[in-house]
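Chemist: When you get a sec, could you give me coordinates for this:
(one chain, ligands or ions: 2)
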Amino acid sequence: MGLWLLRHKDKLDILPYYRRSYITNGLNNGKYYRYYGLPMETFFSFLSSIIVFQIMIPISLYITMELVRLGQSYFMIEDEQMYDQSTNSRFQCRSLNINEDLGQIRYIFSDKTGTLTENKMEFRRAIVYGKDYGNSLHVGDDPSQEEGITGVSGRKRWKLKSEITVDDELVALLHKDLDGKERIAAHEFFLTLAACNTVIPILSRSSSGCMGVQIHGDVEAIDYQGESPDEQALVTAASAYGYTLIERTSGHIVIDVNGEKQRLDVLGLHEFDSVLKRMSVVIRFPNNAVKVLVKGADTSMFSILAKDTEISGHRIPVAVDTRQATQHYLTDYSSQGLRTLVVASRDLTDAELDEWQFSYEEASTSLTDRTTKLRQTAALIECRLNLLGATAIEDKLQEGVPETIESLRQAGIKVWVLTGDKQETAISIGISCKLLTSDMQQIIINGYSEDECRNLLADAKTKYGVKPAGYKNKNIELQKDVPAFDLAISCKVVLCCRVAPLQKAGIVDLIKSRTDDMTLAIGRWKGVSGYGIRFCNGTVPVFEKITPCAWALELSACWLFGFVQLLSQCCVCIDVVLTVDWGSVGFGYTQFQETRCSDFSTSSALTDWSSMLYSIIYTSVPTIVVGILDKDLSHRALLQFPKLYTSGHRHESYNMKLFWITMIDTMWQSLVLFYIPVFIYEDSTIDIWSLGSLWTIAVVVLVNIHLAMDIQRWLLITHVATWGSIFITFGCIVILDSIPIFPNYGTIYHLVKSPTYWLAILLVTILALLPRLLLKVIHQFFWPSDIQIAREAEILRRPNHLRTKTYQGST
Ligand SMILES: Nc1ncnc2c1ncn2[C@@H]1O[C@H](COP(=O)(O)OP(=O)(O)OP(=O)(O)O)[C@@H](O)[C@H]1O
Ligand SMILES: [Mg+2]
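Modeler: Ligands and ions are numbered 1, 2, ... in the order given. Sure thing, here's the model as predicted:
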């Protein structure tokens, strides 16, 4: 860089204004000599301007926009250490990058319970010994009501936290003497509901019995706490029917049966197993009888029910009508979207108990393969059970879910629901949340073995003429389960029922491994690492039930809604980035032209101050303001037309074609910007600094009008930033030209006096922006984009909307 070459003047003739500038400034004493930098020198100066304008400014702007947007967004997404209480360990929840990832998501895998539904279980029906009992008498928790406290207990009343409804007939049955099959079944049914769970009762003095004075008899409030909301609902229901769980330790439980406290020894508990889909507890009663009480999914329970029963030493087949009636009600209620559970029990003989106890102790203390050993132990007693009945619980659909599912579908996102629940329940919920619609062709694959499923899938594929999908991994095409997969991918919606958490993870992994599409899984799924989103609308999410490496995602009631809203923000600002790019490319290119035409001289018409102020004030302020405040469309419109998101998938706002068109346009604009002043001042005697000052003001006018052409929402601050930056630039030029020590001293005062200066700016602006304006008008007229149509619809609707309001107001 320290190398300089001295050349003769002859080459300078190509740019007379340069020569004159040197003469005017007296730099070369009228001699036609000047210094030329080596190309390397020029290259570095050009490179530095490119780095500053092309990289630094867009990056800083991008970061600013990101920060502002993150601050406003509905989700807080972060890399975070989560704490898992159940395993007493920490795990990492990976963050999700909203810009890059969320806009690209093509698949959402969702849990049913707690994601589509509220996860607030309400006990609806009890099917006891084949007979269905519903709701008639309402028992709530209003302390002012006598009935508000479970009224079935004789001496003691328990105030429950949640509302419950009980059936008179069933209550009457429970008050009969413990005699007859139906009565005994009802007794054991509620005992099982109260005992076979992991719910912990928390007792506290009720407000109606405050200050230690027992106003309404002996009233205490109970709050049932536990992992499973289903179990909480069941225990609460049992209490409403007079079977109140009031104490639980690892060794015993205390149940208040119609006012009579019964202490039962818990010999062992097989916790709920999501693979077996059932759980059991072994109880020793005060009369020394030992029973196993079991509850679980119908599919897992019916297969372990007794086929015959022993009466007076003879084995007699079990009457099938109770079972058939129960099954009938189960299908009926699950088709209504209720979550059903089957309840059964059995007396254990001493020999069975001994065998089980031995195995249980060994399995519980085993350090290896504990789960399998416990499963084998459970199988010893979870067999030949007597059916007691079933329960049906309602888990209401979350508000806004149908609309959101519809929006996501229109946005081109495939929603798959993976649930552990029964097929009928899942289909019913699927229909009520509009995941499944009447215009869809339903394919039900319901097989009991791998081969059966594979055959059913292959048949369906042939029947519906599904074409093979292109996989990212070509080896996959050779695998035998490909027909099934092809089918799943071609479906609009996939609903998987009775899947265990690990299988859910497997389904997600399958899609991830076979397509390039970005996926998002929502729910508490064990065994998969992945993205986590945390909802932060003021509520503190509860993460304690999430297992390590789970898809850690806690959702509030309107997560899907929030998600769509978040997506809507992804469309904004692309234009702005393009404009910034333009500004930097344009200015950089003008500098490059200038450097090139001056035969790679290191002298510049633009002062260091102009270059610096250009990036800091002249153009970045309006772009940042517009970037933050301007919106393509209102949230309302984006929510109304979720199809607009597919423009993001198609990269409508920023693609290669658009990039090159913008680049060509940029070239054109910078050529106009550079040559128009040069031609206009061809034969004049103005110096290089005057030309530089003209370029500076012209480029700022250009960038701002260019930006203004894309602004959709004009606010006062947008006006101030856009037009204000032109005035500020002018003001800065005036100030810089008033400082005597600068070489450009006084130039602007001469320039503004001549109309040529103003005409030059006008001409540059018109000529530079004309192609862009024409292209924009033609494109918008003949090939309007979805976003533009929605925007126009929104503008057109506004007066109508106001009219409708007035009309409504007057009626
Ligand atoms: N605590 C429990 N005791 C006995 N059986 C249970 C218990 N919890 C669930 N089940 C049975 O096991 C099935 C599977 O449970 P799982 O938690 O995997 O799925 P889910 O809660 O029904 O649905 P989702 O996958 O949407 O959460 C349930 O449908 C139910 O029949
Ligand atoms: Mg569940």
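
Chemist: If you count contacts, what does the lengthiest strand in the chain end up packed against?
Modeler: Looking only at the chain and at elements set by DSSP state E, the strand with the highest residue count is strand 260-273. Strand 260-273 is packed against strand 252-257, strand 278-284, helix 350-365, helix 370-381, with contacts defined by 3 or more Cβ pairs under 8 Å, 6 or more residues apart in numbering; DSSP states H and E. Heads up, the C-betas are built off the backbone N, CA and C, glycines and all.

Chemist: Run me through the strand neighbours of that strand, direction for each.
Modeler: strand 252-257 (antiparallel), strand 278-284 (antiparallel) (DSSP bridges).

Chemist: Now distance to Tyr360 too, for the ones you listed, in CSV please.
Modeler: Compiled in CSV, the strands paired with strand 260-273 are given as follows (distance: least, Cβ to Cβ, whole Å):
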stretch, distance to Tyr360
strand 252-257, 17
strand 278-284, 8
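
Chemist: out of the helices and strands packed on strand 260-273, nearest to Ile766?
Modeler: helix 370-381 (77.3 Å; Cβ to Cβ).

Chemist: what inclination does that closest one have with respect to strand 278-284?
Modeler: Here helix 370-381 points in a direction 60 degrees away from that of strand 278-284 (axes from the mean of the first three to the mean of the last three Cα atoms, to 10 degrees).

Chemist: quick one: whichever helix or strand comes after helix 370-381 near ligand 1?
Modeler: Using DSSP states H and E, the helix or strand that follows helix 370-381 in sequence is strand 386-397. No: taking Cβ under 6 Å from any ligand atom as the criterion, strand 386-397 and ligand 1 are apart, separated by no less than 8.7 Å.

Chemist: Deepest-packed of the strands paired with strand 260-273, please.
Modeler: strand 278-284 (a mean of 23; mean count of other Cβ atoms under 10 Å).

Chemist: And the residue of this protein closest to ligand 1?
Modeler: Gly420 (2.2 Å; Cβ to the nearest ligand atom).

Chemist: who's in contact with that residue?
Modeler: 113, 274, 277, 498-501 (Cβ atoms under 8 Å, 6 or more residues apart in numbering).

Chemist: Contact residues of the chain facing ligand 1?
Modeler: 111-113, 228, 230-231, 272, 274, 277-279, 295-297, 341, 419-421.

Chemist: Now intersect the residues you listed with the helices, please.
Modeler: Among the residues of the chain next to ligand 1, DSSP state H puts 230-231 in helices.

Chemist: Filter the residues of the chain next to ligand 1 down to the buried ones, PyMOL style.
Modeler: One line in PyMOL is enough to select the buried ones among the residues of the chain next to ligand 1; burial here means 16 or more other Cβ atoms under 10 Å:
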select buried, resi 111+112+113+228+230+231+272+277+278+279+295+296+297+341+419+420+421
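
Chemist: burial measure for Asn386, as a count.
Modeler: 20 (other Cβ atoms under 10 Å).

Chemist: Now for it: which residues touch it?
Modeler: 185, 305-306, 309, 318, 344-346.

Chemist: Tell me the one among these nearest to Ser490.
Modeler: Leu305 (39.8 Å).

Chemist: Now the closest one: phi and psi?
Modeler: phi -80, psi 150 (degrees, to the nearest 10).

Chemist: how big is the angle separating the helix or strand harbouring Leu203 from strand 252-257?
Modeler: Using DSSP H and E, Leu203 maps to strand 200-205. With the same axes, to 10 degrees defining the directions, strand 200-205 sits at 60 degrees from strand 252-257.

Chemist: so how many other residues sit close to the residue lying closest to Ser335 once chain neighbours are set aside?
Modeler: In space, and not counting its chain neighbours, Ser335 is closest to Glu424: 4.6 Å by Cβ to Cβ, 6 or more residues apart in numbering. Using other Cβ under 10 Å, Glu424 is surrounded by 20 other residues.

Chemist: From Ile304, how far off is Glu424?
Modeler: Glu424 is 21 Å from Ile304, where distance means Cβ to Cβ, to the nearest Å.

Chemist: got a list of what Thr391 touches?
Modeler: 123, 125-127, 193, 234, 237, 340-341, 343.

Chemist: Dig out what it forms beta bridges with.
Modeler: Ala126, Leu341.

Chemist: buried sites along the longest strand of the chain?
Modeler: 264, 266-270, 272-273.

Chemist: Equivalent analysis for stretch 297-307, please.
Modeler: For stretch 297-307, by 16+ other Cβ under 10 Å, it's 297-298, 300-302, 304-306.

Chemist: Straight-line length of it, end to end?
Modeler: Terminal residues of stretch 297-307 lie 18 Å apart, using Cα to Cα, to the nearest Å.

Chemist: Can you give the contact residues for that stretch?
Modeler: Under Cβ under 8 Å, 6+ apart, the answer for stretch 297-307 is 276-278, 294-295, 317-318, 323, 327, 330, 340-342, 344, 346, 382-387, 390, 422, 498.

Chemist: Doesn't Asn446 lie inside a strand?
Modeler: No: judged by DSSP: H, G, I helix; E, B strand; the rest coil, Asn446 forms no part of a strand; its state is coil.

Chemist: Let me see the contact set for the nearest residue to it once chain neighbours are set aside.
Modeler: Distances taken as Cβ to Cβ, 6+ apart place Gln423 nearest to Asn446, at 7.0 Å, with adjacent residues excluded. Gln423 sits next to 334, 444, 446, 497-498 when contact means Cβ under 8 Å, 6+ apart.

Chemist: Report how many residues lie close to Ile664.
Modeler: 11.

Chemist: er, Ile624 I mean
Modeler: 18.

Chemist: What strand or helix carries it?
Modeler: helix 620-629.

Chemist: tell me which strands and helices that helix is in contact with?
Modeler: helix 57-72, helix 574-597, helix 688-710, helix 716-736.

Chemist: Let me know the average pLDDT across that helix.
Modeler: The pLDDT scores in helix 620-629 average 73.

Chemist: relative to helix 716-736, how tilted is it?
Modeler: Using the same axes, to 10 degrees: helix 620-629 against helix 716-736 is 170 degrees.

Chemist: just the angle between helix 620-629 and helix 688-710, please?
Modeler: Using the same axes, to 10 degrees: helix 620-629 against helix 688-710 is 10 degrees.

Chemist: CA atoms only: put helix 620-629 into PDB for me.
Modeler: Taking C-alpha atoms only, helix 620-629 is exported to PDB below (Å, rounded to 0.1, in the frame of the first residue of the first chain):
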ATOM      1  CA  SER A 620     -30.400   3.600   8.400                       C
ATOM      2  CA  VAL A 621     -32.800   5.500  10.600                       C
ATOM      3  CA  PRO A 622     -35.700   5.500   8.200                       C
ATOM      4  CA  THR A 623     -35.100   1.900   7.300                       C
ATOM      5  CA  ILE A 624     -35.100   0.800  11.000                       C
ATOM      6  CA  VAL A 625     -38.300   2.800  11.700                       C
ATOM      7  CA  VAL A 626     -40.100   1.400   8.700                       C
ATOM      8  CA  GLY A 627     -38.700  -2.100   9.500                       C
ATOM      9  CA  ILE A 628     -40.200  -2.000  12.900                       C
ATOM     10  CA  LEU A 629     -43.400  -0.200  12.300                       C
END
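
Chemist: so who does the residue nearest to Ser335 touch?
Modeler: 331, 334-335.

Chemist: Can you turn the buried part of those into a ChimeraX selection?
Modeler: Selection of buried members from those for ChimeraX, criterion 16+ other Cβ under 10 Å:
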select :334
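
Chemist: Nothing else from me, thank you.
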